[in-house]
Each structure stands twice: as structure tokens, then as C-alpha cells.
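In: Provide a 3D model corresponding to the input given below.
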Amino acid sequence: MLERLNALYPVRYTAFALCVLIALLSLFTLVGFGVGGWTFLLFAALSAVGLWDLRQTRSSVLRNYPVIGHLRFMLEKIRPEMRQYFLESDNEATPFSRSQRSLAYSRAKGETDKRPFGTQHDQSANGHEWLNHSLQPSHIATHDFRLTIGGADCTQPYEASVFNISAMSFGSLSANAIQALNAGAKRGGFAHDTGEGSISAYHRLHGGDLIWEVASGYFGCRDEEGRFSPDRFKANAIDAQVKMIEIKLSQGAKPGVGGILPGAKVTPEIAAARGVPVGMDCISPPSHSAFSTPVELMHFIVQLRELSGGKPVGFKLCIGHPWEWFAMVKAMLQTGITPDFIVVDGSEGGTGAAPLEFTDHVGAPLQEGLRLVHNTLMGVNLRDRIKIGCAGKVISAFDIVRAMAIGADWCNSARGFMFALGCIQAQSCHTGTCPTGVTTQDPVRQQALVVPDKADRVYHFHQNTLKALKELVQAAGLLHPREITAHHLVRRVSENEVRLLSNLLPHTPAGALLTDVAAQHAVFTTYWDRSSAERFSLG
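Out: Predicted coordinates for the structure are as follows:
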């Protein structure tokens, strides 16, 4: 009997049936007694939704569960927020833990970053790391740690902070976000990377130091066909606000992939910054057209250095095929041309949206990519001539210490400064509906981001992070972060064993790749001799 009843009236239609019933009853009371108008309108609307659910063909859930099936999609939509606020543990990094975000918020607001009652980390867990301290701590007069970027061929070297804003384009970030970042950078004397979207009017308002990123689309320096234009490049590069030029070969979020900014999103402001027509698709090819071999890349570096008036020129990449990186190093040796700097982007990075497969499974993580770049340059005696920057989930002072121990000279952070702007990790950056106005072009939404207030937070996040870095360097008995090496860090590898990071990570002696490749790490013995300065492909 129950089976026959369920066949005639499936239980899954109960919510829809109740809506229809209540709508009819409220209609009766409205006609008969003049009450229940709002109830009728509400349940009549729900009944109409249920009827539409039964007739539509896109969702089988809604066809089987009219009306109430929408609850499933509503709960799915708010699941990340519910998990973040009620279920996620403080140290669950997905992609940044509540503890990491809270640290950034506290430092940005100038609030205390101290924590009582001991660590929340499991120090017996495999992978836990710490910095060895000294019984004779040093005293450092300032936390304003700097380094000089610019080789012998550079006539306008740049005195850079060891902590800067990583590449984020106008278009990916809102106009107010760009203004706040640049105003904070101006006040703190650190650098703001433009991202591949080039230099917008909002980058120029406050006069903060800029690292101009030149990518495969040549935005801000392209001709009508999308090729590199020396004249347009020079017009931007000689601007005193531009301190360095960074050629983007690949990025951590989606290495090996170009991009398309749909024409609907190419506003007059974005078009002006990028040098493209308003309303037309803005295409970033997967690779550069200005060069096709490692040697040509080196000559392109020389060309940009000359056009910019002798400013530091380098490139950014996420390490992929090791032989392509080796080919670039061989081109440096063959031509005698070296970049002033190299920025290594870890595959952990990415403020912009990317296909899940690329986010999770393409490109080398920061530790492996950075160590390979450092070791290769050591092995050919070029490490002293080239500064190395890095980016990839750098939030705290210990993150900076760790990156420098692996081989970096300075660190960039994108998402750390987004947190300083008020980002809540809603992970809706690509939807245009960012709840804090950081990653949206919606003029109403971005008004929520008040530039003077957020500029202060950007400044304080930078300053307080460097103050914490100073304390770590002093505790280790050192005088500058550049003195930190892998010998200063320890990692737990099992319940009963710990190892110095220097004993766990590959190490290449100075000049070893020029004299004894066979005795080095397998990546060198396998690919070094097969790579060529004349091609990126494997020989």
C-alpha cells in the first residue's frame, strides 16, 4: 500500500505540494476574509519555482526535489564560509590557516601579535621546523633590511627592501586595492610589483616604487599586433617611479598557460593601462614572441636594460623542465650577459584563478624551484652576480627566514598583502563578487575598501613583519637576514630524528658544474650536458 502511495505521490515532492497547498489556503483566506495576502504571494512564488523545477532539464536534483532542492545549492554555496568560521582548525592551511590570517590581520592593524599558553603546532610531527638560536644574541639597530639589486651593467641599481608586494595586476585587483598597496609601499619604502597588467593610473597616484612586469602580452609596451614595442616600453620604463623591470616567463598559479581577459571586462581604464582596445578580448600568449631561444632572452634583457636607462632587469619563472632553466644558465655563460635578478615563483602561489589541475599538479613548489636556481648559479660561479627573489605563501617572518635559508635574497608576498587589505579568503577572486572589494571591478563593492585606512594597514603589515624578522635574526646571533643559511634551520624527519636543513636539501659547491658535473645531484648529471644555450628543448 505504501509503495503504491509513494508511486502516486513521491515523498520527494512533499515540499512542493505543501507550497501549493498553503498557496491555495491563503488564496481562500484572502478572498474570503481579506487576510493572508503576503502569505499567498510567498507560497505562490514558491509554487511557481517548483513548477519550473519540474519542467527544467539542467538539474536532475531540482527535477526530483522541486523547491527544497534549492536548499542543497544554497548550503553548497556557503560551505566554504561555514567551514572557515565553524569547522576549520586554527592550523589547517587550506590554503592559509586561520592562524596565518590572524597574524596578518593583527600586524596590519597594529594590534598585538603575541600568543599566550604555548605553541599550537605539534612539534613532534614530521616536517616541523625551527630556527636554532644563539646564547649570544646580536643587536641590530634597524629592521629596515635592504639589498642592492643591479649588476655591473646596471647604472641605476635599486636599494630594495627584503620584503615586497608580489605581482598582482590592476584588473585582477580593484582600483582601490591598487591605490592602497601603492600608498603603503610609498610610506614604507618597499616595492610594488605591477603584475602583467602593466602600470595603471592607480599605480601612479601615490608614487610608490614599482617593479614593472613585462609578460608575453607586452601590456603597456605593445604595438597594434601585440608585439613588443621598444618605443612604448621606453616611454614607461624611464619613469622615475619604475625601479626594476621583470620579464615574466611563467607564474606559480598556472605555469605554462597564457590567459584571456574577456572583452566585457576590458574597461577604458584597463585598456589604457594595457594598451589594448576597449571591449575586445585581451590575450596573453603562453610564450613570448620577442625571443625564442635562451641566447635571445639574454639579448632581450640587454635591450630592456638599455631602453630603461640602465635599470635592473631580470625575469620571473616557476621552475618546470630543469633543462630549460639550465639552457638559460648556459646562455648566460656563453654570452656573458646575466640578469640583475631572478624571481622564483613557487607553484603554491596564485592570487588569480587557475584550472585546478594547474593549481595542484603543475610546476615546482618554492622549496624545490628556489633550491635548484640557487644551486645552479652556485655551480657556475654566477650566484654573486645575480640576486634571487621568491614568492609562494610568504606570510610570516619565519617564512622569510626559511626562504632565505634555501637561497633567496628577498621575498615577495601577494596574499599576505591581500590579507592586510582585508581579504577574508572567500576564494571568490575570479567571480567579481569579492565581499571586501579587493578583487572586484564592481564600483560599488570596491568602495567598501577605504584607501587611506587600508594603506595604513599595508604599511603596518610590512613594518611589523620586518620587526619580527629582526627579532629572529637577533635571536640567531646574526646581523642581517642574508646571513641565514640552511645550517640554521632544523626539520623533524621522524618521531625520533631531526636533521639540519642543510643536510636534507641538495647542495652544489661553487663552480662544481664547470668542473665535475658527474659528482653532483642527479638532476645535473641527467640534464646539464643535454641542455643548450641555443634552444629551450632537450638535446
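In: where does residue 154 land on pLDDT?
Out: For residue 154, the model assigns a pLDDT of 94.
In: That one and residue 233: what is the separation?
Out: 17 Å (Cβ to Cβ, to the nearest Å). Any C-beta I mention is one placed from the backbone N, CA and C, and that applies to glycine too.
In: same deal with residue 204?
Out: 17 Å.
In: Same drill for the two, tell me which one is more crowded.
Out: residue 233 (21 against 15; other Cβ atoms under 10 Å).
In: Packing partners of the longest helix anywhere in the chain?
Out: Identified as the longest helix of the chain according to DSSP state H is helix 451-475. If contacts are counted by 3 or more Cβ pairs under 8 Å, 6 or more residues apart in numbering; DSSP states H and E, helix 451-475 sits against helix 98-109, strand 163-165, helix 175-188, helix 397-406, helix 415-421.
In: can you give me the angle it makes with helix 397-406?
Out: 60 degrees (axes from the mean of the first three to the mean of the last three Cα atoms, to 10 degrees).
In: tell me the mean pLDDT over helix 451-475?
Out: pLDDT averaged over helix 451-475 gives 96.
In: what's the answer for stretch 224-234, then?
Out: Across stretch 224-234, the average pLDDT comes to 94.
In: cool, stretch 124-136 as well?
Out: Here the average pLDDT along stretch 124-136 is 91.
In: SS state for residue 147?
Out: Look at residue 147: counting by DSSP: H, G, I helix; E, B strand; the rest coil, its state is strand.
In: can you count the residues close to it?
Out: 17.
In: Which residues are in contact with it?
Out: By Cβ atoms under 8 Å, 6 or more residues apart in numbering, residue 147 lies in contact with 159-160, 162, 387, 409-410, 482.
In: Helices along the stretch 1-150 of the chain, start to end?
Out: Ranges of helices within the stretch 1-150 of the chain are 2-8, 14-33, 37-55, 60-64, 69-82, 98-109, based on DSSP state H, counting those that start in this stretch.
In: Any idea which of the helices and strands packed on helix 451-475 gets closest to residue 68?
Out: helix 98-109 (32.8 Å; Cβ to Cβ).
In: could you say what helices and strands the closest one packs with?
Out: Using 3+ Cβ pairs under 8 Å, 6+ apart: helix 98-109 touches helix 415-421, helix 451-475.
In: List the buried residues in the longest helix of the chain.
Out: 451, 454-466, 468-470, 472-474 (16 or more other Cβ atoms under 10 Å).
In: list the contacts for residue 468?
Out: 107, 113, 396-397.
In: Next, work out how far apart it and residue 488 are.
Out: 16 Å.
In: same check, this time on residue 433
Out: 44 Å.
In: same deal with residue 220?
Out: 41 Å.
In: surely residue 521 meets residue 375?
Out: Yes. Here residue 521 reaches residue 375: they are 7.4 Å apart, a contact under Cβ atoms under 8 Å.
In: shared neighbours, those two?
Out: 506, 508.
In: ok, those two, which is more surrounded?
Out: residue 375 (23 against 17).
In: Quick one: classify that one as helix, strand or coil.
Out: helix.
In: Distance of it relative to residue 382?
Out: Distance, residue 375 to residue 382, using Cβ to Cβ: 11 Å.
In: do residue 275 as well
Out: Taken as Cβ to Cβ, the span from residue 275 to residue 382 is 34 Å.
In: between these two, which one's more packed in?
Out: More crowded of residue 275 and residue 382, by other Cβ under 10 Å: residue 275, with 20 against 15.
In: Isn't the more buried one up against residue 224?
Out: No. Counting by Cβ under 8 Å, residue 275 does not reach residue 224; the two are 9.2 Å apart.
In: now for the helices of the stretch 1-150 of the chain, which one comes closest to residue 123?
Out: helix 98-109 (14.8 Å).
In: Compute the first-to-last residue distance for stretch 484-500.
Out: Using Cα to Cα, to the nearest Å, the span of stretch 484-500 from its first residue to its last is 13 Å.
In: in that stretch, what counts as buried?
Out: For stretch 484-500, using 16+ other Cβ under 10 Å, the buried residues are 484, 486, 488-492.
In: what's the closest of the helices and strands packed on helix 451-475 to residue 74?
Out: When these are compared (using Cβ to Cβ), the closest one is helix 98-109, at 24.2 Å.
In: Report the angle between the closest one and helix 451-475.
Out: Using the same axes, to 10 degrees: helix 98-109 against helix 451-475 is 110 degrees.
In: quick one, helix 98-109 and helix 175-188 angle?
Out: Using the same axes, to 10 degrees: helix 98-109 against helix 175-188 is 70 degrees.
In: Can you point out the buried residues in helix 98-109?
Out: Buried, per 16+ other Cβ under 10 Å, within helix 98-109: 98-101, 103-109.
In: Need the worst-confidence member of those.
Out: Comparing those by pLDDT, residue 98 comes last, at 80.
In: sorry, back to before: please render the helices and strands packed on helix 451-475 as JSON lines that adds distance to residue 216 to the earlier fields.
Out: Formatted as JSON lines, the helices and strands packed on helix 451-475 follow (distance: least, Cβ to Cβ, whole Å):
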{"stretch": "helix 98-109", "distance to residue 216": "31"}
{"stretch": "strand 163-165", "distance to residue 216": "22"}
{"stretch": "helix 175-188", "distance to residue 216": "22"}
{"stretch": "helix 397-406", "distance to residue 216": "26"}
{"stretch": "helix 415-421", "distance to residue 216": "24"}
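In: which ones are touching the nearest residue to residue 27 once chain neighbours are set aside?
Out: In space, and not counting its chain neighbours, residue 27 is closest to residue 40: 5.3 Å by Cβ to Cβ, 6 or more residues apart in numbering. Applying Cβ under 8 Å, 6+ apart to residue 40 gives the contacts 23, 26-27, 30.
In: from those, which is closest to residue 496?
Out: Using Cβ to Cβ, the contacts of residue 40 come closest to residue 496 at residue 23, 69.4 Å.
In: Next, the contact list for the closest one, please.
Out: Residue 23 neighbours (Cβ under 8 Å, 6+ apart): 40, 43-44, 46-47.
In: mind running it again at 7 Å?
Out: Counting by Cβ atoms under 7 Å, 6 or more residues apart in numbering, residue 23 touches 40, 43-44, 47.
In: what are the bridge partners for residue 247, then?
Out: residue 214, residue 315 (DSSP bridges).
In: That one touches residue 216, doesn't it?
Out: No. With contact defined as Cβ atoms under 7 Å, residue 247 does not count as touching residue 216 (9.4 Å).
In: how deep is the nearest residue to residue 428 once chain neighbours are set aside tucked in, by neighbour count?
Out: The shortest distance from residue 428 to any non-neighbouring residue, by Cβ to Cβ, 6+ apart, is to residue 434 (5.8 Å). Using other Cβ under 10 Å, residue 434 is surrounded by 27 other residues.
In: tell me the SS of residue 434?
Out: Classified using three-state DSSP, residue 434 is coil.
In: Next one: residue 362 from residue 346, what distance?
Out: 12 Å.
In: So between the two, which is more surrounded?
Out: More neighbours surround residue 346 than the other of residue 362 and residue 346, with 23 against 19 (other Cβ under 10 Å).
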